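In: Here's a sequence, model it:
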Amino acid sequence: MIAERHEHGPAELCEAGLSLYERALREGRIPAEDSEHFPCLLDFGLLRPDGEDPRWLRPLAPALALPRLLSESARDIALRRHHEARLTEAFEPLLALDGLSESVAEAPGTGLLAGFDRINEAIGRAMEEAREELLTIVPGGRRSAVRLRDVGLAREQRMLSRGCRIRTLYQDTTRYDLGVVAHYERLAGDVQVRTLDEVTKRLLIVDRSVAFLPASENRSLALEIRQPALVSFLATVFDRLWRLATPMYPEAVRAPSADGVTPRQRTIAQLLVEGHTDTTIADRLGMNVRTARVHIAKLASHLGSESRAQLGYLIGRSGILEREAELP
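Out: Below you'll find the model as predicted:
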């Protein structure tokens, strides 16, 4: 009778199969017939035919087996991510057709703004009426110096002149944008800027009473939210990210490293363990792919990794993801 094959991946290796592999490690080899009901051990390469006597199977060393299984798992994750991305891309235009305007109209205190001019006008009106503060999250890297000057400078200064404060949260890649620093140096008033490796999509909150956020990928649609519970929730998200962020302006603070690993490298390590590609990591952290690969190479060098699969294993063993770097 032919044994039923075990249809599962490396992460689901059955307990009985692992027990047989453990026995093979202890005894050095096992009879080939003992693996009849565990073809997965041969599929994963954990057991191999004895070159001198095919009636026996010898185990692959665990130090070699684990990186191989991790590599298989990483490929499975990457494939699933690819399928998710294709599904999302396919459904995005369909979702746009699914009565977005009608859905928004049904939500009290929420309005849909269409077109950059209309969005900018609504934000401008809210800022002109502000009496307390402006909270902003800006993802991505470098910002246009012309747009900062022509669109933001005058109305931000009017807010500050009325006694309001401004808190802006950027991604860490913006720390090296001299144009952004110069913009805030032109403002007179209570202004602070901080940065994080990862932030949410663009968000703007005025006086904790109205919030604006994108409703489409190209930002040609935006939601204007005045529902108190939703605005309060978004403001709380901002506050918690703000406490985790590193000061950039008016006084820059360098984020500390722990055991030779910088906060950015720790974030990249987490994304690597989650199975993200170099391109995805770069997009999420607001950097180009080449820069992301430089950080990955430095991380691999620090941990002594010789391959992508081994790097994931060494990250997990090092414990760097369990440490939190604190500002001095």
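
In: any idea how far Met159 is from Thr280?
Out: The gap separating Met159 from Thr280 is 36 Å, by Cβ to Cβ, to the nearest Å. Where you see a C-beta, it was placed from the backbone N, CA and C, and this is true even at glycine.

In: more neighbours, the two?
Out: Met159 (24 against 17; other Cβ atoms under 10 Å).

In: how deep is the residue lying closest to that one once chain neighbours are set aside tucked in, by neighbour count?
Out: Using Cβ to Cβ, 6 or more residues apart in numbering and skipping the chain neighbours, the partner closest in space to Met159 is Ala130 (5.4 Å). Neighbourhood size, Ala130 [other Cβ under 10 Å]: 20.

In: is it true that Ala130 touches Ser209?
Out: No. With contact defined as Cβ atoms under 8 Å, Ala130 does not reach Ser209; the gap is 9.1 Å.

In: Helices of the stretch 1-150 of the chain, start to end?
Out: Using DSSP state H, counting those that start in this stretch, the helices of the stretch 1-150 of the chain run over residues 15-27, 39-43, 62-96, 100-106, 116-129, 145-147.

In: Which one of those helices lies nearest to Gly189?
Out: Closest to Gly189 of those is helix 116-129 (Cβ to Cβ; 13.4 Å).

In: With just CA atoms, put that closest one into CSV.
Out: What follows is helix 116-129, C-alpha atoms only, in CSV (Å, rounded to 0.1, in the frame of the first residue of the first chain):
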residue,chain,number,x,y,z
PHE,A,116,-6.4,68.7,-5.7
ASP,A,117,-7.7,72.3,-5.8
ARG,A,118,-10.8,71.4,-3.8
ILE,A,119,-8.8,69.4,-1.3
ASN,A,120,-6.3,72.2,-0.9
GLU,A,121,-9.1,74.8,-0.4
ALA,A,122,-10.8,72.8,2.3
ILE,A,123,-7.5,72.3,4.2
GLY,A,124,-6.8,76.0,3.8
ARG,A,125,-10.1,77.0,5.3
ALA,A,126,-9.6,74.7,8.2
MET,A,127,-6.2,76.1,8.9
GLU,A,128,-7.5,79.7,8.7
GLU,A,129,-10.1,78.8,11.3
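
In: Right, I'll leave it there.
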